[in-house]
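K.L.:
Could you work out the structure for the sequence below:
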Amino acid sequence: MTAKQNITMIDFTNYKNIKTLIFDVDGVLTDGTLIISEGGHLQRKMNVKDGYAMKKAMQAGFQIVIITGGNSQGVYKRLRGLGITDIYMNAQHKIEAFEELLFVYELQKENILYMGDDMPDFEVMQQVGLPVCPQDAIPEIRQVSKYISPYKGGEACVRDVIELVLKAHGMWA
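P.N.:
Numbers count the residues shown, from 1 in each chain. Model (predicted):
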């Protein structure tokens, strides 16, 4: 699918059961570029369209979760500012955070969408009902994905998949 294709061409079947959306940070919510300041601080940029969509999904009753290997307080503050409470930072083995999430909330794997872009996401993506990725994900991740966004990481790929889920549920105006 390209960004210009009509949304009616999407089969919404895979999206109708989704209740929880899990996102990686670097390479998904950001373009993966790290800017290092003279003081040694790492900086990332996030797309406001992704933030808007995540807030809209939470307002519609969907659970938004972040699982990232990073440990940036700036990223944490941004995500908390959006209202996201389930943020797993410094997750060196993302499957462990995922399994904890399943246990704590008694989630069903088939009701979960996970968006990742690189090998640390691979194991979790094999477990969920709807694995998806940005257009610039590595080949192994693209191969296990049921949907590849036409947008790159940090360029509103998160908004793209949230729109699909909300449209499948009749909740996107």
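
K.L.:
chain center to stretch 118-127, what's the gap?
P.N.:
A distance of 12 Å separates the centroid of the chain from that of stretch 118-127, by Cα atoms, centre = their mean, to the nearest Å.

K.L.:
Just the buried positions in that stretch, please.
P.N.:
118, 120, 121, 122, 124, 125 (16 or more other Cβ atoms under 10 Å). All C-beta spots, glycine's among them, are computed from the backbone N, C-alpha and C.

K.L.:
and it, average pLDDT?
P.N.:
Stretch 118-127 carries an average pLDDT of 98.

K.L.:
Could you list the residues in contact with it?
P.N.:
Residues from elsewhere that reach stretch 118-127 (Cβ atoms under 8 Å, 6 or more residues apart in numbering): 22, 24, 27, 67, 69, 94-95, 98, 109, 114, 116, 131, 133, 137-138, 140-141, 144-145.

K.L.:
Which among those count as buried?
P.N.:
Buried among the contacts of stretch 118-127 by 16+ other Cβ under 10 Å: 22, 24, 27, 67, 69, 94-95, 98, 114, 116, 131, 133, 137, 141, 144-145.
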